[in-house]
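In: My questions concern the predicted model and sequence given below.
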Amino acid sequence: MSLFTDLPLVTVVTPTRNRPAALARAMASVAGQRGVRVEHLVIGDDCPALADPSIVRDLSERFPHAVIRNVTGAEHAGLPHDYLPARLGALRNVGIAAASGDWISQLDDDNEFEPDHLSSLLECLAASPGIEVAHSWRRLFSPDGSPYEVAGENPWHPDPALRASSYARLVDLGVFRPGSSVVRDALRAGGKEFNGVDTSELLVSRGMHERFPFPTTYSRWWRKLEWTEDYAWCVLLDRAKVTMVCSEKPTLRYSMGGYSNAAVAR
């Protein structure tokens, strides 16, 4: 057996709406992963770009490890459409159900992996027998590609009036560091429930995802609090007392300025 086939197979799932240039960068970062075999499932959210045969042909030729599928018609109509995180969770579950890998990762189409992202997470899991979930940290970038330093406010807090106090709390917890573009995400911070792990930072066993799919139903309270699919998923794991380990490496290049590919206006 060759050394290549001895490497672990990781399936990366990327939901996408209509950003072919950003998608190509994300796909290139998956193709550039070292120390793993990769299957990349690109799941279109009724994506006009993926309805163009020339675009699909170009992406398929450039990235032969990728499988491109566009969810359209009756299947798309069956997805949740009244709350964006619910639809995104359903699209992620579509990709997970089709995955061939024993390990599954997510990558939003506006983010990128560093070349050692998946291998460092696998190393982290190998050092923690029995653990089925690992995550990285992330380094933030502005849309122009320059480093984005979080300063003075937590840009993800849903209440603008509380962003400054939230930032101060997260500095105390070590999630933010003044002058740094790295977010030191964690499932728990300061010994309390935090659930601050971004979807694109995760590496999860197939079995764990079978037990804990991404939520597709959100209560009125969850919606009022603007829970995203990654936050809701982490809450479920934390309350089930699932242990998650962290590589403590900022191997996700996270693009600021957009909730997700599927948030692009129709």
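Out: The structure has been received and is ready for your questions.
In: thought residue 202 was touching residue 132?
Out: No: Residue 202 lies out of contact with residue 132 (C-beta atoms under 8 Å); the separation is 10.9 Å. Yep, even glycine has a C-beta here, placed from its N, CA and C like the rest.
In: From residue 256, how far out is residue 219?
Out: According to C-beta to C-beta, to the nearest Å, residue 219 and residue 256 sit 29 Å apart.
In: What strand or helix carries residue 67?
Out: strand 66-71 (DSSP states H and E).
In: Show me which strand runs longest in the chain.
Out: Assignment by DSSP state E gives strand 245-255 as the longest strand of the chain.
In: Check which residues of that strand are buried.
Out: Buried residues in strand 245-255, counted by 16 or more other C-beta atoms under 10 Å: 245-247, 249-255.
In: who's in contact with that strand?
Out: Applying C-beta atoms under 8 Å, 6 or more residues apart in numbering, the set of residues contacting strand 245-255 from outside is 22, 29, 110-114, 116-117, 120-121, 123-125, 128, 131, 133-141, 143, 182-186, 198, 200-201.
In: Tell me the pLDDT of the closest residue to residue 46 other than its chain neighbours.
Out: Spatial nearest neighbour of residue 46, chain neighbours left out: residue 76 (4.7 Å); criterion: C-beta to C-beta, 6 or more residues apart in numbering. Per-residue pLDDT puts residue 76 at 95.
In: Same check on residue 159?
Out: The model's pLDDT for residue 159 equals 87.
In: how close does it sit to residue 224?
Out: 11 Å.
In: now do residue 168
Out: 24 Å.
In: just residue 95 next, same as before
Out: With distances taken as C-beta to C-beta, residue 95 is found 28 Å from residue 224.
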